[in-house]
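Asks: Coordinates only, no sequence provided:
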């Protein structure tokens, strides 16, 4: 391996940021200031290369401290990890939250995705830029969904330093967003997680019953409300018994793919290769999705317990929680929960005296929707660009670090707790025969009471929107987010199950329900969806890399043309959409045309 470093040197601050993560350098090869000329020899060998997984945390360390990643800082980090600088540059430029060009220490991320666009994000951005003016020391970046759709429009301010400071303005006004950016410590406090639950206090809640009831910082409070009962039951059943209960419950993945969870766990547990890994995907970046954020902010110990149960079942002694970088409060809550659980003997060696060892490491994403795809997430953790891998082999065979891996999202894992405490038959009795259990839905847009709703599978779309208080003059409802599909106002009797939405020609996805009234211009929404997929395509495969660009170009042209000219572009859209669906490597390209197709065919968007 050839390593070619430049002549740039890190500043003292950049060096301190890297050393705080990796420890002081031990040789001149790693950047130590020594008199002996030992640069002729690389020290560490395989041990140093095995630390490549620390590349993403290292980039975060520099970006958090300084606000951007200079050539000198990147070279220093590469020396410490024995990573080729060209590869590290490719990783640093892959993520939207990093910058390799100088920028102010304060960045204000303003969401311009679907819910925020419908709530006036464009005018908000214009007002913020005018209020700040040139030379303000704040960089305003219009970006994708911040996962605050129930409080749209939303803005997130990040000020680099030691420590890094963040502030959220949602629902944001120009004044509040400017205050968050210019004085993060003075910004208004975020509302508690329970504020996102219109059902708070209702009887019969299963997954959300502790949110707003327990103190999210208190392990004792969590245990007083039934916490860690499921883990004790799991130890009594044994790994095979836990997998049997999960299989009998009918639990399927809640991230959109709906793969049977028990089958995935069994396939991993039966692999002879060791070690096994557990990965919790908390990188919910689908526009309109925020349920995992609410769970992590309001009931973080439930996720720690659920990950421990899952790891015990599949024989993993190490787990990774991959949490999106736009969730600073969820990150703080989860880190506190992990630290407290470890300090109290609920993580680490000999958990509850059962001779089982398991620990969790939190990895922070940096703004890449594609990292929600499981194999792209593995690459990101390992220190590579977050590009999907070809399958097979599947993750249950060769996943993270080439070992058998179970990957589930937050909602899926949290469902395991009531399965064990209620028993599989009682859990399976909730919902329908093919879609069992409760489901979380993220409702936003043109409704009076946006937020996270928990309903049993089988409730209709109309029933959910009635609870949320849908406004008059409903134009369309988007199910499944940007990768989902639109339905008409006369189709609200669609049952909210995987099989029901399939039969209706749409998708349930991760549970996104976005309502739009006739004040929202549909063509602008479709252009924004196309822009989202163009921006988020990793560029690895041609159908997606080229197709998402052609789709956006055609939608821009259609908005300006009529008649036969528009018809030609609609025909082109169909051809490009089929190519992306049939030939893209992963789900991003395969679903990039779904919402546009449904808007054209079901809503008559351009008639």
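Replies: Yes, it's here. Values in this document were obtained by computation on a predicted structure and should not be read as measured data.

Asks: list the contacts for the residue nearest to residue 522 when sequence neighbours are not counted?
Replies: Nearest residue to residue 522, sequence neighbours excluded (C-beta to C-beta, 6 or more residues apart in numbering): residue 605, at 5.1 Å. In this view, the C-beta of every residue, glycine as well, is placed from N, C-alpha and C. Residue 605 is in contact with 522, 523, 526, 599, counting by C-beta atoms under 8 Å, 6 or more residues apart in numbering.

Asks: Which strand or helix spans the second one?
Replies: When you say that, I think you mean residue 523. helix 522-536 (DSSP states H and E).

Asks: can you check the last one too?
Replies: Assigned by DSSP H and E, residue 599 belongs to helix 594-601.

Asks: and that helix with helix 522-536, angle?
Replies: With axes from the mean of the first three to the mean of the last three C-alpha atoms, to 10 degrees applied, the angle from helix 594-601 to helix 522-536 works out at 160 degrees.

Asks: shouldn't residue 151 be in contact with residue 170?
Replies: Yes - shown here, residue 151 and residue 170 form a contact pair, counting by C-beta atoms under 8 Å, at 3.8 Å.

Asks: okay, among the contacts of residue 605, which ones form the most distant pair?
Replies: The span of the contacts of residue 605, defined through C-beta to C-beta, is set by 523 and 599 at 8.8 Å.

Asks: So for the two, which sits in the more crowded spot?
Replies: residue 599 (22 against 15; other C-beta atoms under 10 Å).

Asks: Just list the residues touching that one, thanks.
Replies: Counted by C-beta under 8 Å, 6+ apart, residue 599 has contacts 476, 486, 522, 525, 526, 605.

Asks: Residue 429: which of the residues you listed is nearest?
Replies: Using C-beta to C-beta, those come closest to residue 429 at residue 486, 32.8 Å.

Asks: Residue 475 in helix, strand or coil?
Replies: Judged by DSSP: H, G, I helix; E, B strand; the rest coil, the three-state class of residue 475 is strand.

Asks: thought it was touching residue 521?
Replies: No - judged on C-beta under 8 Å, residue 475 makes no contact with residue 521 at a distance of 9.7 Å.

Asks: average pLDDT for stretch 526-541?
Replies: Stretch 526-541 shows an average pLDDT of 94 in the prediction.

Asks: just stretch 255-268 next, same as before
Replies: Here stretch 255-268 scores 93 as its mean pLDDT.

Asks: could we number from 174 for the rest of this?
Replies: Yes, from this point I'll number from 174; that puts the last item at stretch 428-441.

Asks: How far does it stretch from one end to the other?
Replies: Counting by C-alpha to C-alpha, to the nearest Å, you get 19 Å between the two ends of stretch 428-441.

Asks: low-scoring stretches of this protein, by residue?
Replies: For the chain, applying pLDDT under 70 flags the ranges 174-178, 206-222, 735-738.

Asks: need the strands for it, in chain order.
Replies: Assigned by DSSP state E, the chain shows strands spanning 279-284, 311-316, 328-332, 338-342, 449-455, 489-496, 532-537, 578-582, 611-618, 624-629, 647-652, 658-660, 685-690.

Asks: Quick one: those as CSV, columns for distance to residue 272 and mean neighbour count too.
Replies: Formatted as CSV, the strands of the chain follow (distance: least, C-beta to C-beta, whole Å; neighbours: other C-beta atoms under 10 Å):
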stretch, distance to residue 272, mean neighbour count
strand 279-284, 8, 25
strand 311-316, 9, 19
strand 328-332, 11, 26
strand 338-342, 17, 23
strand 449-455, 24, 26
strand 489-496, 21, 22
strand 532-537, 16, 18
strand 578-582, 29, 26
strand 611-618, 29, 25
strand 624-629, 33, 22
strand 647-652, 32, 24
strand 658-660, 35, 25
strand 685-690, 30, 25
